[in-house]
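[1] Quick one: sequence plus predicted model below, questions after.
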Amino acid sequence: MATEVQQYGLDTRKLGGYYGVDRNAAILTRFRDAEFHSMLGQMAWLAQIPEWEIKKQTGRYIHDDATHADQLRTRLRELRRPPRRQLRSAKEFTSFLWMVEQAPDHVSFLAGVYRVLKPKLISAYHHHIQRTDPIADEPTIKVLERIIEDHEKHIRYMDGALQLITSEASVAHRVSEWVTKLEDAFIESGGLIMDPQVIVLESDDETAMLSSEAPFWTPATLAARDPERFRRCSHAEGVKYVVNMSATEKMKWQWHQQSDNEMMAGELGSSSARENLDMPWDFFMDMARLTWDEVRHTEIFEKRLEAIGGYLGMYPVLPGNYAYRMSLDYPMRATDLHLMGEARGQLALLARRETHGAFGDDLSSKMFDYIHADEDKHVHFGKIWVTEHLLENEPGRAKQLLEEVLHSRDINGDVTGVPFVTKPKGETGDDDIASILKEMFPEKAAEYDRVSPSLQEALKRALD
């Protein structure tokens, strides 16, 4: 009995494995770079995917792949090869990774990621788990096992989606040709596990060579939407469209527009990441997180719309958030999005939380509280990457940039947000979100008087 107790749970694994630290680090470098480029390629294409559900899933998978890359990066740094500097895959393999992004269309791109790159990664990760030391290198094994689970889930969804959007013979043929090209290019690159060649970077940041390696890329100037589901309209047309609606219809309009507006914020974050390849590693991780947050906000507003009998596509959408901001250079764009739009929206979010709660809409109140938590983090991103990194905390420069953003909005009109005051410009009267809720829930109107005057005034601000 004593022997059985001593041997219960005995670890029967054997020490050894086929990889020393140097070989392990070289292979993990390829894994990390592949995960990073999977994230980056999807960031490049997110705004060009018209299918709504596929766009949302892609936004989620961007963050998953960013997490994978970051976990592998952490493991590489733990292996301290080389000390105080970082590794990058050799040109043959990085050329293949950039090629995945250079697909002729978004369907071919998704097929390249989910029918070529990710299946190759799963196979390589299983191989690595079997051949590395199961005890000494257990941290690597744990990371790879979690990534495999994610990728298998991603492939199951995207393979089904690709079957639906490649049903036409011409599309299927084009995608098949692209997949074949990528398969051949993968073999020519040396693959993921056979004698991986790496470059020792002089920099301590793994993104140091991105801007010099990258092929030419042009961002989408207008975020793609399925034309069979969405109709676009101008900001002025949108205001006129809703002026004679009932309160319930106006609430549907708000949820509808905000769902699309949040998606455009995620598309901005992703496009900006691909556009600014000279930024540090953590910038890309932050933009991937922003993208995921905005996709979740999109889903929140869509579900609130459905809860009151609406559906996405029932109204036209306003393209200004993405289109206007993408016309700005990155410092102004990030200032407009994070330090202007999201920063000034903080009080409006708190006002929505308190007001919806006062009218008994506790679920919406709770959702606005969660969104406020995310947006607070996004404002912090703006301070890090604009004020501290790009402007280097130069005295007065951040204020000057904010003034330039305000001047640009004065010229172009404030086209980035969804108006909560839905009367045409120049008309007066109480028609903010509070009046809509009063009409929808008259028995709760007295409760609104308990909301502070500053928050009541904040309800008239756009969430952009």
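    Good, I have the coordinates.
[2] show me what contacts the nearest residue to residue 18 once chain neighbours are set aside?
    Excluding its sequence neighbours, the residue lying closest to residue 18 (Cβ to Cβ, 6 or more residues apart in numbering) is residue 131, at 4.4 Å. Any C-beta I mention is one placed from the backbone N, CA and C, and that applies to glycine too. Contact analysis of residue 131 by Cβ atoms under 8 Å, 6 or more residues apart in numbering lists 17-19.
[3] So which of the residues you listed are in helices?
    Using DSSP state H, no member of these sits in helices.
[4] right, and out of the residues you listed, which lies closest to residue 67?
    Among the contacts of residue 131, residue 19 lies closest to residue 67 (Cβ to Cβ), at 23.8 Å.
[5] Neighbour count added to the contacts of residue 131, as CSV?
    Output for the contacts of residue 131, formatted as CSV (neighbours: other Cβ atoms under 10 Å):
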residue, neighbour count
17, 18
18, 11
19, 19
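[6] got these as TSV, with pLDDT and distance to residue 334 columns?
    As requested, those are exported to TSV (pLDDT from 0 to 100; distance: Cβ to Cβ, whole Å):
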residue	pLDDT	distance to residue 334
17	82	45
18	80	46
19	87	42
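[7] For the most centrally placed residue in the chain, give me phi and psi.
    Closest to where the C-alpha atoms of the chain average out (Cα atoms, centre = their mean) is residue 291, at 1.9 Å. For residue 291, the backbone dihedrals (degrees, to the nearest 10) come out as phi -60, psi -50.
[8] Tell me the confidence at the closest residue to it other than its chain neighbours?
    Nearest residue to residue 291 in three dimensions, chain neighbours excluded: residue 266, at 4.4 Å (Cβ to Cβ, 6+ apart). With respect to pLDDT, residue 266 scores 97.
[9] cool, residue 135 as well?
    Here the pLDDT value assigned to residue 135 is 89.
[10] Over to residue 82?
    For residue 82, the model assigns a pLDDT of 69.
[11] And residue 459, by the same measure?
    Among the per-residue scores, residue 459 shows a pLDDT of 60.
[12] And the strands in the stretch 151-300 of the chain?
    Ranges of strands in the stretch 151-300 of the chain, per DSSP state E, counting those that start in this stretch, are 198-200.
[13] Give me the residues contacting stretch 58-78.
    Residues contacting stretch 58-78 (Cβ under 8 Å, 6+ apart): 25, 28-29, 31-32, 35-36, 38-39, 42-43, 45-46, 49, 86-87, 110, 139-140, 143, 146-147, 150, 154, 206, 263, 266, 270, 281, 284-285, 288-289, 291-292, 294-295.
[14] how about that stretch: buried residues?
    Across stretch 58-78, burial judged by 16 or more other Cβ atoms under 10 Å covers 58-73, 75-76.
[15] rewinding a little: check contacts around the residue nearest to the centre of the chain.
    In this structure, residue 291 makes contact with 43, 46, 59, 62-63, 266-267, 269-270, judged by Cβ under 8 Å, 6+ apart.
[16] Rounded mean pLDDT for the host helix or strand of residue 142, please.
    For residue 142, the enclosing helix or strand under DSSP states H and E is helix 138-165. When pLDDT is averaged over helix 138-165, the result is 97.
[17] Using PDB, write down the CA coordinates of stretch 208-217.
    Provided in PDB are the C-alpha atoms of stretch 208-217 (Å, rounded to 0.1, in the frame of the first residue of the first chain):
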ATOM      1  CA  ALA A 208      12.200  46.100 -36.300                       C
ATOM      2  CA  MET A 209      12.400  44.800 -39.900                       C
ATOM      3  CA  LEU A 210       8.700  44.900 -40.800                       C
ATOM      4  CA  SER A 211       8.600  48.200 -42.600                       C
ATOM      5  CA  SER A 212      11.700  47.300 -44.700                       C
ATOM      6  CA  GLU A 213      10.300  43.900 -45.600                       C
ATOM      7  CA  ALA A 214       6.700  44.700 -46.300                       C
ATOM      8  CA  PRO A 215       5.200  44.800 -49.800                       C
ATOM      9  CA  PHE A 216       3.200  47.800 -50.900                       C
ATOM     10  CA  TRP A 217      -0.200  48.000 -49.200                       C
END
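[18] Look up the pLDDT of residue 426 for me, please.
    Note for residue 426: predicted pLDDT of 43.
[19] what does residue 46 give?
    98.
[20] can you tell me how far it sits from residue 356?
    Per Cβ to Cβ, to the nearest Å, residue 46 is found 30 Å from residue 356.
[21] same question, residue 321
    Going from residue 321 to residue 356 by Cβ to Cβ gives 23 Å.
[22] Between these two, point out the one with more neighbours.
    The residue with more neighbours, out of residue 321 and residue 356, is residue 321; 26 against 22, by other Cβ atoms under 10 Å.
[23] looking at it, that one is touching residue 266, isn't it?
    No. Judged on Cβ atoms under 8 Å, residue 321 makes no contact with residue 266 at a distance of 10.4 Å.
[24] Quick check: ChimeraX command selecting the buried ones in the contacts of stretch 58-78.
    ChimeraX command restricting the contacts of stretch 58-78 to the buried ones, with burial defined by 16+ other Cβ under 10 Å:
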select :25,28,29,31,32,35,36,38,39,42,43,45,46,49,86,87,110,140,143,147,150,154,206,263,266,270,281,284,285,288,289,291,292,294,295
